[in-house]
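# Provide a 3D model corresponding to the input given below.
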Amino acid sequence: MIVSSPQFGTTAQVTITPPFGPGVIVNPDITPGVSQLRVEWDVSKGIGGSSGNTCSVRVYNLGASSRKIAAGIVRRAYEFDPDFAFLDGRLEPGADVGGGTLTLKARYQASSSTASLFEGTATAVKSENRRNTWTTTIVGTDGMLQTSSAIADKFWAGTVPAVNVLTYLVTRVMVAPLATPYPPEIAADVFVGGVDTTNIYASAWLDDYAAKRNFEWWIDDGAVFFSSPGAALPQPPIILTPNGAPGSTRMLSKPRPVEGGKVEVPALMLPEMRPKSPVTVVAADLGGAYFASAVRHTGSNSGSSRVSRTIATLTPLGVAGLG
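Modelled structure (predicted):
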């Protein structure tokens with residue numbers, strides 16, 4: 001058990017929930033000052049359609065019953081690694097059956113609210129014992145499973161509004177909520193002569209249509225987003241400053257230029273930072289208005305020696321670019 005420091009210390013909670021039966025909650029009480037199992041995480045999010053985002057969580061000294069339940073509810077139908085079929089050094093019958101939702105929440109000890117860093121599908125669980133310490137690694141994705149296996153089977157005749165086709169593919173085939181309005185590029189678009197999406201992957205159809213009509217789509221926490229290239233989500237900007245002035249979040253180092261005219265900025269943990277979030281950087285060099293084209297959350301609740309952080313790759317507003 002560990003208790004993190006109050007300034008930069010982080011509390012973290014990990015949940016794996018199956019469609020039926022018992023689940024696993026790591027650190028159900030994340031009140032500041034309460035002892036917790038040690039948790040480390042690495043979450044990557046970006047713009048890129050069906051690939052979705054990824055999460056890797058490592059939990060130390062999770063109990064034997066929880067390790068068994070976690071291994072049993074993970075969905076391995078699409079991504080199977082023989083190593084993940086072994087639990088505590090032995091093959092566990094039926095460990096490749098079922099499915100589960102992986103949720104990671106975290107907060108700084110000084111914060112008054114807990115926010116979600118990731119919500120998606122758990123795809124793999126592996127537990128191993130080294131030097132009398134159990135480590136359980138949980139891997140998840142929030143887009144790949146439901147889109148790679150979602151096959152449409154519908155034909156529309158005559159003149160069809162594009163939004164009808166997209167709504168069908170997203171909400172009925174991919175079974176994902178629509179998080180944003182459709183951009184102008186497709187809001188008034190129509191297909192003349194019918195649309196055939198029979199026996200085709202929904203994500204592949206969306207990729208092809210996005211390329212033809214010049215818009216972007218991506219998945220974040222299981223919801224589908226649409227946007228015009230170079231545009232940010234319609235929300236107030238996240239403000240990053242060198243000293244964390246009131247109403248802003250502190251940068252951990254100066255912005256630095258990266259490939260493609262983008263800027264990379266590490267900051268204190270920002271769960272609200274997501275792909276296409278508008279960001280204002282206050283800095284003498286490379287300051288300005290951006291949107292997040294890629295986001296990475298890394299951290300641990302093991303103490304202030306490893307500050308939990310958000311690393312954002314930023315693209316200038318008005319410039320199209322995938323993260």
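# now do the same end-to-end measure for stretch 53-64.
Distance across stretch 53-64, first residue to last, is 29 Å (Cα to Cα, to the nearest Å).
# what comes up buried for that stretch?
Neighbour counts using 16 or more other Cβ atoms under 10 Å place Asn53, Thr54, Cys55, Ser56, Val57, Arg58, Val59, Tyr60, Leu62 of stretch 53-64 among the buried residues. For the C-beta atoms, the positions are set from N, CA and C on the backbone; glycine is no exception.
# Just the ones of those in strands?
Thr54, Cys55, Ser56, Val57, Arg58, Val59, Tyr60 (DSSP state E).
# tell me which of the residues you listed is nearest to Thr137?
Arg58 (5.1 Å; Cβ to Cβ).
# Does the closest one touch Thr136 like I think?
Yes. Shown here, Arg58 and Thr136 form a contact pair, counting by Cβ atoms under 8 Å, at 7.1 Å.
# Next, count neighbours for Val163.
By the measure other Cβ atoms under 10 Å, the count of residues near Val163 is 16.
# list the contacts for the residue nearest to it when sequence neighbours are not counted?
Setting aside the residues directly before and after it, Val163 is nearest to Tyr182 in space (Cβ to Cβ, 6 or more residues apart in numbering), at 5.5 Å. Shown in contact with Tyr182 (Cβ atoms under 8 Å, 6 or more residues apart in numbering): Ala162, Val163, Leu166, Phe226.
# Serialize the buried residues of stretch 53-64 to JSON lines and add fields for distance to Ser308.
JSON lines is the format used below for those (distance: Cβ to Cβ, whole Å):
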{"residue": "Asn53", "distance to Ser308": "18"}
{"residue": "Thr54", "distance to Ser308": "18"}
{"residue": "Cys55", "distance to Ser308": "14"}
{"residue": "Ser56", "distance to Ser308": "15"}
{"residue": "Val57", "distance to Ser308": "13"}
{"residue": "Arg58", "distance to Ser308": "14"}
{"residue": "Val59", "distance to Ser308": "16"}
{"residue": "Tyr60", "distance to Ser308": "16"}
{"residue": "Leu62", "distance to Ser308": "20"}
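# Just the pLDDT for Ser51.
You'll see Ser51 listed with a pLDDT of 65.
# got it, and the one 4 residues further on?
Per-residue pLDDT puts Cys55 at 93.
# quick one: it and Glu40 touch, right?
No. Using Cβ under 8 Å, Cys55 is not in contact with Glu40; the gap is 11.6 Å.
# From Val307, how far out is Ala70?
Distance of Ala70 to Val307, computed by Cβ to Cβ, to the nearest Å: 28 Å.
# Which of these two has more residues huddled nearby?
Ala70 (27 against 18).
# For that one, give me its contacts.
By Cβ under 8 Å, 6+ apart, the contact set of Ala70 is Ile16, Val24, Leu62, Gly100, Ala122, Val125, Ser127, Thr136, Ile138.
# Redo the residues you listed as TSV? Include secondary structure.
What follows is the contacts of Ala70, written out as TSV (DSSP: H, G, I helix; E, B strand; the rest coil):
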residue	secondary structure
Ile16	strand
Val24	strand
Leu62	coil
Gly100	coil
Ala122	strand
Val125	strand
Ser127	strand
Thr136	strand
Ile138	strand
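# After the longest helix anywhere in the chain, which helix or strand is next? Please name it.
With secondary structure taken from DSSP state H, the chain has its longest helix at helix 202-213. Beyond helix 202-213 on the C-terminal side, the first helix or strand identified by DSSP states H and E is strand 216-220.
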